[in-house]
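J.: Give me a 3D structure for the following:
(chains A, B, C and D)
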There are 2 protein chains.
Amino acid sequence: MSISTASKALNDTGRMGSETRERVKRIAAEIGYRPNALARGLLSKRSFTIGLLTNDTYGRFTLPVMAGISDALVDHGVSVFLCAIEDDPALAQIHVDAMLDKQVDGIIATGKRLDRRLPVDLSNLHVPVVYAFTEGTQNSVTFRSDDEQGARLAVEWLMKIGRRRVAHITGPQEFFSVRERAGAYHEVAGHREPVLYGVWSESWGHEAVEQLWKRPGEKPDALFCGNDQIARGAVDALRERGVKVPQDVSLIGFDNWEIVAAQTRPPLTTVDMELKELGRQAGLTVLALAEGRPVEPGVRKLPCRLIVRQSCGG
Amino acid sequence: MSISTASKALNDTGRMGSETRERVKRIAAEIGYRPNALARGLLSKRSFTIGLLTNDTYGRFTLPVMAGISDALVDHGVSVFLCAIEDDPALAQIHVDAMLDKQVDGIIATGKRLDRRLPVDLSNLHVPVVYAFTEGTQNSVTFRSDDEQGARLAVEWLMKIGRRRVAHITGPQEFFSVRERAGAYHEVAGHREPVLYGVWSESWGHEAVEQLWKRPGEKPDALFCGNDQIARGAVDALRERGVKVPQDVSLIGFDNWEIVAAQTRPPLTTVDMELKELGRQAGLTVLALAEGRPVEPGVRKLPCRLIVRQSCGG
DNA sequence: GCCGCGTGAGAAAACCTTTTCCCACTTGAC
DNA sequence: GTCAAGTGGGAAAAGGTTTTCTCACGCGGC
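T.: Model (predicted):
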């Protein structure tokens, strides 16, 4: 039995008698034969391997994206190198070089912020690069959440359940997503209540509520928070003031970070950026590029989804 | 210039004139030559790739372990396939097969619980397997945190700062770590206060404090909590009751999950399991095994470290 | 002046697949 | 019976690297 015959039998290629083919397959299964992906890759120029580059240390954004990528690609036999590069350009370069040496079919770059580049230039690689939740280069394919639509979703929901004085407590104004969410907030809620910019922490949420409630005049009847941590801090501050959530004030967060959103009392209604779906699409896209299928460059905004828990009432 | 001469020049092997060697190296650098790791691996039987298998969806344990592995192995040119397998045996098998096909040099299995196996049998693979933070098989190498020592660290600290009535609020008794921590707690603190077993959530921490404070008689002056989430729930409950932390009650958590521990008010003193170090050692061990260096099988317990923040006072 | 040895460089095999090409044999038709 | 066409199987090359083996040449010693 020659090697080539065996190969053709297993791959259903070439011409041969069906009983020969079956026999080869049976014996291969018996001895547990598995082709060596290295050798196969050497010839086919496809390693069935991609690299995921991230500077998101906590994995809060990366992990769902990774799950989506893996989910989409495991059916295609593709495995994923995860490379956490902090914000270290030298480390990033080492990882990129290592991935290229290993002949990855493509690279997905992901981060923790839409408007930041990774500390390494991926623009002139000979493998396709797709950006997810991080800023891409000219003519690249970039996937991001539609923060404007997400914010709109949240504020519209608050209006729909009858809230009229919606305040917005959010992160630093330098963040692109912050500005985009604030823009949508203003469009839907008008300019009756202020936007409070701060940092992404619980303590800022807490402090912002203090500021709002110390002001004279009518208090807000709803808070749209820039992330779940801020929302959680706000809930705590409201409880301390004796303000009831959701009876007196409705509250919506952003991120749907389970560990924060679901454990808050009451559990937070929040905006989910569908990062897993984002990862899935990024994975399928880099695969398409690796296989030479044409992909239109540009920024793809994926819709967010409102996760309704108990912090809004209704 | 023959291929073999070039190879020998770049690898500093073989006999050749030093000026030839230098010339080859210079030109290689000029044209940006990088050897194909697939071809190299095909011959050397070393792919400089390992697989990390995990069923920890949140990545709370996996991520630090992964960081440690990557940190230790990047210097050796090793990349890591991350495979999240949930608790799905079929998915696990697919990922394991994919990794073996890709000729990984070894596999590190990690999980979210010391006393649970991954839903796939890794015992008869022809590549080395190291277990980290999950139960291994007979004769395997397993790395785990020393929960007993960690708990002792916490309770001794509470005693040292003058607390005498230390209660222990923790997770489900089926967990090995829970029993081990409770054992150490009893050894150090005696049996004056009860151990409250429950679940790993904030709400259980909250409820447990209710239970403790509803009982007649003297209240605890310290709480040793089974994880940071329980501790956080406990802090909230204490605040609601007007009990001051750390003035009236000192409180220690477990896990040092930054996002919970550092954002609690006051920030939690807690026990860190040094998962990154655990990952680092697991990485170096699997590398040693891959290179054929002998490694003593058995369970290696790594010491925990107490992270002092503000929830214990002085 | 010849032989042997040492030195530098290249040829070839090996790693494991896939794919192309070719050969031999069978079968059918005339 | 002969030829053509078609069919089943094998040989060989390719992919990029490392390693072992071989070869040619120059130099020193006798």
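
J.: List the contacts of residue A:79.
T.: Counting by C-beta atoms under 8 Å, 6 or more residues apart in numbering or on different chains, residue A:79 makes contact with A:48-50, A:73, B:51, B:81, B:83, B:95, B:98-99, B:102. C-beta coordinates here come from the backbone N, C-alpha and C atoms, glycine included.

J.: Which ones among those residues map onto strands?
T.: A:49-50, B:51, B:81, B:83 (DSSP state E).

J.: Helices of chain A, start to end?
T.: A:3-11, A:18-30, A:37-44, A:62-73, A:89-101, A:147-160, A:176-189, A:202-214, A:228-240, A:258-261, A:275-290 (DSSP state H).

J.: I'd like these written out as CSV, with mean neighbour count, distance to residue B:258 and mean pLDDT added.
T.: Formatted as CSV, those follow (neighbours: other C-beta atoms under 10 Å in any protein chain shown; distance: least, C-beta to C-beta, whole Å; pLDDT from 0 to 100):
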stretch, mean neighbour count, distance to residue B:258, mean pLDDT
helix A:3-11, 14, 50, 90
helix A:18-30, 12, 49, 89
helix A:37-44, 17, 38, 94
helix A:62-73, 24, 15, 96
helix A:89-101, 18, 21, 97
helix A:147-160, 21, 25, 97
helix A:176-189, 20, 22, 96
helix A:202-214, 20, 12, 96
helix A:228-240, 24, 12, 95
helix A:258-261, 20, 12, 92
helix A:275-290, 23, 20, 98
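
J.: want to throw those helices into TSV with distance to DNA strand C?
T.: Converted to TSV, these look like this (distance: least, C-beta to the nearest atom of the strand, whole Å):
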stretch	distance to DNA strand C
helix A:3-11	3
helix A:18-30	10
helix A:37-44	3
helix A:62-73	19
helix A:89-101	16
helix A:147-160	44
helix A:176-189	45
helix A:202-214	54
helix A:228-240	48
helix A:258-261	42
helix A:275-290	16
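
J.: Is it possible to get JSON lines of the ones you listed that adds distance to residue B:244?
T.: Formatted as JSON lines, these follow (distance: least, C-beta to C-beta, whole Å):
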{"stretch": "helix A:3-11", "distance to residue B:244": "71"}
{"stretch": "helix A:18-30", "distance to residue B:244": "69"}
{"stretch": "helix A:37-44", "distance to residue B:244": "61"}
{"stretch": "helix A:62-73", "distance to residue B:244": "37"}
{"stretch": "helix A:89-101", "distance to residue B:244": "44"}
{"stretch": "helix A:147-160", "distance to residue B:244": "36"}
{"stretch": "helix A:176-189", "distance to residue B:244": "35"}
{"stretch": "helix A:202-214", "distance to residue B:244": "17"}
{"stretch": "helix A:228-240", "distance to residue B:244": "14"}
{"stretch": "helix A:258-261", "distance to residue B:244": "25"}
{"stretch": "helix A:275-290", "distance to residue B:244": "40"}
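
J.: Spell out which residues sit in contact with whatever residue of the stretch 51-200 of chain A ends up closest to DNA strand D, please.
T.: Taking C-beta to the nearest atom of the strand, DNA strand D has its nearest neighbour within the stretch 51-200 of chain A at residue A:101, 8.5 Å off. Residues in contact with residue A:101 (C-beta under 8 Å, 6+ apart) are B:34-37.

J.: Residue A:247 is in contact with residue A:239, correct?
T.: No. Residue A:239 lies out of contact with residue A:247 (C-beta atoms under 8 Å); the separation is 11.8 Å.

J.: And the contacts of stretch A:57-71?
T.: Against stretch A:57-71 from outside (C-beta under 8 Å, 6+ apart): A:50, A:52, A:54, A:56, A:80, A:82, A:84, A:86, A:108, A:110-112, A:132-133, A:255, A:257, A:275-283, B:57-59, B:63, B:67, B:82-84, B:258-259.

J.: can you do 7 Å?
T.: Outside stretch A:57-71, the residues that touch it by C-beta atoms under 7 Å, 6 or more residues apart in numbering or on different chains are A:52, A:54, A:56, A:80, A:82, A:84, A:86, A:108, A:110, A:112, A:132-133, A:257, A:275-280, A:282-283, B:59, B:63, B:82, B:84, B:259.

J.: what does stretch A:197-209 give?
T.: By C-beta under 7 Å, 6+ apart, stretch A:197-209 touches A:169-173, A:178, A:196, A:225, A:227, A:229-234, A:236-238, B:263.

J.: try stretch A:240-256
T.: So stretch A:240-256 is contacted by A:150, A:154, A:157-158, A:161, A:163, A:213, A:220-228, A:231, A:234-235, A:238, A:261, A:266, A:268-273, A:307, A:310-313 (C-beta under 7 Å, 6+ apart).
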